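Undergrad: Predicted model and sequence below, questions to follow.
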Amino acid sequence: MTTDLKLTDLHPSADDIAGDVLRGLSSSPKRLPSKYFYDQRGSELFEAITRQPEYYPTRLELAMLADLGPAIAAAIGPRAHVVEYGSGSGRKTRLLLDALDDPVAYTPIEISRSALTASAGRLDREFGDVEVLPVLADFTQAVPLPQPSRAAASALVFFPGSTLGNFSRDESVRLLAAMRDTMGENGAALVGIDLEKDPAIIEAAYNDAAGVTAEFTLNLLRRLNRDVGSDFDLAAFAHRARYVAAEGRIVTTLESLRDQVVTVDGRAFAFARGEEMHVEQSQKYSDARFDALAAEAGLRVAGRWNDGDDWFGLRLLRRA
């Protein structure tokens, strides 16, 4: 096992957090970019969300990776170079690497250097026979992969957690197209998707009784107050998450509880009582909706697995 990880730095452009927030608050309706949820406290709160009884996606996906490991491994083949977009707690990654036949290397791709080195180090300690080759990059664009010391038969992009659903449709197509380029001619992608189901089940997952998701949403304002010097009053906003059936997605907003003015970088933004600011969306998929999305990116669904209730799915994508 290596002690010094070889990190490939593709010098992703730094986030313009102040500019992004000012542009979002100047739009109509107002919006804040969801990518800024994940400061250290936000990441801790999201991990807590995944353990709430109402939040089914993580629980189901973990069970599927554990139960369907042999079937997934057979569909992917031996000696894969596993490439993960983002770097979470590593629970799902461990299950996948354990299931695969002789995985050659693991490359997490992450835009945050601290998150990348922490997760890569954890997995490097656990999987001594899998070469860990982290890449600091923006995975929404095609990423040239580092070459493992042992030749891989194919590249497998792993994008769990239904994260694809947080992007707009156009962004999702661009991301899948970048994935297609990253995985190469003989590669594949294993993507987690949340499926359409009873709206009450979906809404409960984003409005847990313990209020963890509400705290996670409001933490975005706390982060902005710290990092861009805004003066959001957290007590004057409330978390709202509703399922929009016509669009098949959950829309999360922060509702202003009173008329108020918020200052960001010296600019004042007026909020009316009841005004809602868009902070996140989460698309739920039918097979037809997802297949069409993949096709638009030049991909086809080569394998599909659902949990027993058809609440959550894993899809194996290959080039069309």
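TA: Yes, it's here.

Undergrad: Buried ones in stretch 70-86, by neighbour count?
TA: The neighbour-count check on stretch 70-86 (16 or more other C-beta atoms under 10 Å) flags 72-73, 76, 79-86 as buried. Glycine gets a C-beta too; all of them are placed from N, C-alpha and C.

Undergrad: now the strands for the stretch 151-300 of the chain?
TA: Remark: strands assigned in the stretch 151-300 of the chain by DSSP state E, counting those that start in this stretch are 154-159, 188-194, 237-244, 249-256, 260-264, 267-271, 276-283, 299-306.

Undergrad: got a list of contacts for the third one?
TA: In this case it means strand 237-244. By C-beta atoms under 8 Å, 6 or more residues apart in numbering, the surrounding residues in contact with strand 237-244 are 199, 202-203, 206-207, 213-214, 217-218, 221, 249-257, 276-277.

Undergrad: Could you rerun that using 7 Å?
TA: Residues from elsewhere that reach strand 237-244, judged by C-beta atoms under 7 Å, 6 or more residues apart in numbering: 199, 202-203, 206-207, 213-214, 217-218, 221, 250-257, 276.

Undergrad: picking that back up, looking at the buried residues of stretch 70-86, spot the one nearest Thr182.
TA: Val83 (6.6 Å; C-beta to C-beta).

Undergrad: Now do the SS call for the closest one.
TA: Secondary structure, DSSP: H, G, I helix; E, B strand; the rest coil: Val83 is strand.

Undergrad: Output the below-cut-off pLDDT ranges for the chain.
TA: 1-3, 88 (pLDDT under 70).

Undergrad: so what's the residue most central in space within it up against?
TA: The residue lying closest to the centre of the chain (C-alpha atoms, centre = their mean) is Thr163, at 3.2 Å. Taking C-beta under 7 Å, 6+ apart as the criterion, Thr163 is in contact with Gly86.

Undergrad: Repeat the analysis, applying 8 Å as the threshold.
TA: Thr163 neighbours (C-beta under 8 Å, 6+ apart): 85-86, 192.

Undergrad: What of Asp287?
TA: Asp287 touches Arg304, counting by C-beta under 8 Å, 6+ apart.

Undergrad: And the contacts of Thr163, which is closest to Arg226?
TA: Checking these one by one against Arg226 (C-beta to C-beta), the nearest turns out to be Gly86, at 22.8 Å.

Undergrad: for the closest one, what are its contacts?
TA: Taking C-beta under 8 Å, 6+ apart as the test, what Gly86 contacts is 108-110, 139, 159, 163.

Undergrad: Then Ile201?
TA: 56, 311.

Undergrad: With Gln283 instead?
TA: Gln283 neighbours (C-beta under 8 Å, 6+ apart): 164-167, 169, 172, 194, 248-249.

Undergrad: Ala137 now?
TA: 8, 10, 12, 109-111, 143.

Undergrad: Separate out the buried members of those residues.
TA: Of the contacts of Ala137, these count as buried by 16+ other C-beta under 10 Å: 12, 109-111, 143.

Undergrad: Closest one of those to Gly121?
TA: Looking at the buried ones among the contacts of Ala137 and their distance to Gly121, the nearest is Glu110, at 12.4 Å (C-beta to C-beta).

Undergrad: how far away is the spatially closest residue to the closest one that is not a sequence neighbour from Met179?
TA: Residue nearest to Glu110 in three dimensions, not counting chain neighbours: Leu116, with 3.9 Å by C-beta to C-beta, 6 or more residues apart in numbering. Relative to Met179, Leu116 is positioned 18 Å away (C-beta to C-beta, to the nearest Å).

Undergrad: neighbour count winner among these two?
TA: Met179 (26 against 22; other C-beta atoms under 10 Å).

Undergrad: which residues touch the more buried one?
TA: By C-beta under 8 Å, 6+ apart, Met179 lies in contact with 85, 157, 159, 189, 297, 299, 317.

Undergrad: and the fourth one, what is it in contact with?
TA: Under the criterion of C-beta under 8 Å, 6+ apart, the neighbours of Ala189 are 156-159, 176, 179-180, 183, 299, 316-318.
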